[in-house]
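Colleague: coords please:
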Amino acid sequence: MSQENQLFGLVIPGNAVRTDFVRADSAGLKYTMNLNVKSNPSLIAEIVFFLLPGAQLPPSHGAVLYWQFSAPTAFSGGGSSSGFEMLGAVAADRPSGVFRTGWGQNETLLTALSSGLNSVVITLGISLEELGSIRNLEIVSRGVEDRTNVAKKIALDLFNFLQSFDSGNSGSGLMTVPNNVFDRW
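Modeller: Numbers count the residues shown, from 1 in each chain. Have a look, this model is predicted:
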């Protein structure tokens, strides 16, 4: 596919922008890209996926990003592929996203990598799907919501920890805690 027909871009932190997605079907609704990651792919926590400027998706469609890994025959006795898993989605009203890969917690991928196999290949797949279907998957804002939920859980954990020191004698709405409470946390 020539550069002017590209619709998508991808950034792995510390690497150059990639736009070399290849059309995988004649209808132009599916695209793939192989990542021959030289370093350990489990260290890639996030990727940035975006629509290129001027990219025109079919009306009322968005792009869902998936991934899978494949390992050589030595890993499984006949070759192995993990099956595609969803990462996130972009659309005209949200043309870019930062998505957590989860590769560092994927047991099957970690097993393949720990087997000393240097030829594990990550394949990214893009499927153009109707916006209604994408909304039903509840993935459009997943990256932002994940970070917000993590921050909320940390704040709640801190609050509960602080509250465990309070004797209740400080008055309404106030909490008394030791000076070194953050060192203890």
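Colleague: next, count neighbours for residue 168.
Modeller: 10 (other Cβ atoms under 10 Å). C-beta: built from backbone N, CA, C; applies to glycine.
Colleague: give me the distance between the two termini of stretch 88-103.
Modeller: End-to-end distance for stretch 88-103, by Cα to Cα, to the nearest Å: 14 Å.
Colleague: same check on stretch 70-88?
Modeller: 20 Å.
Colleague: tell me what residue 90 is bridged to.
Modeller: residue 63 (DSSP bridges).
Colleague: change the start of the numbering to 257 and stick with it
Modeller: Right, with 257 as the first residue, what we last looked at is residue 346.
Colleague: and it, how far is that from residue 297?
Modeller: From residue 346 across to residue 297, the span is 22 Å (Cβ to Cβ, to the nearest Å).
Colleague: what do you get for residue 340?
Modeller: Relative to residue 297, residue 340 is positioned 16 Å away (Cβ to Cβ).
Colleague: tell me which of those two has more neighbours.
Modeller: Using other Cβ under 10 Å as the criterion, residue 340 and residue 297 rank with residue 297 on top: 23 against 15.
Colleague: now stretch 433-441: mean pLDDT?
Modeller: In this model, stretch 433-441 has a mean pLDDT of 78.
Colleague: list the buried residues in that stretch.
Modeller: The neighbour-count check on stretch 433-441 (16 or more other Cβ atoms under 10 Å) flags residue 433 as buried.
Colleague: what about it, start to end distance?
Modeller: 12 Å.
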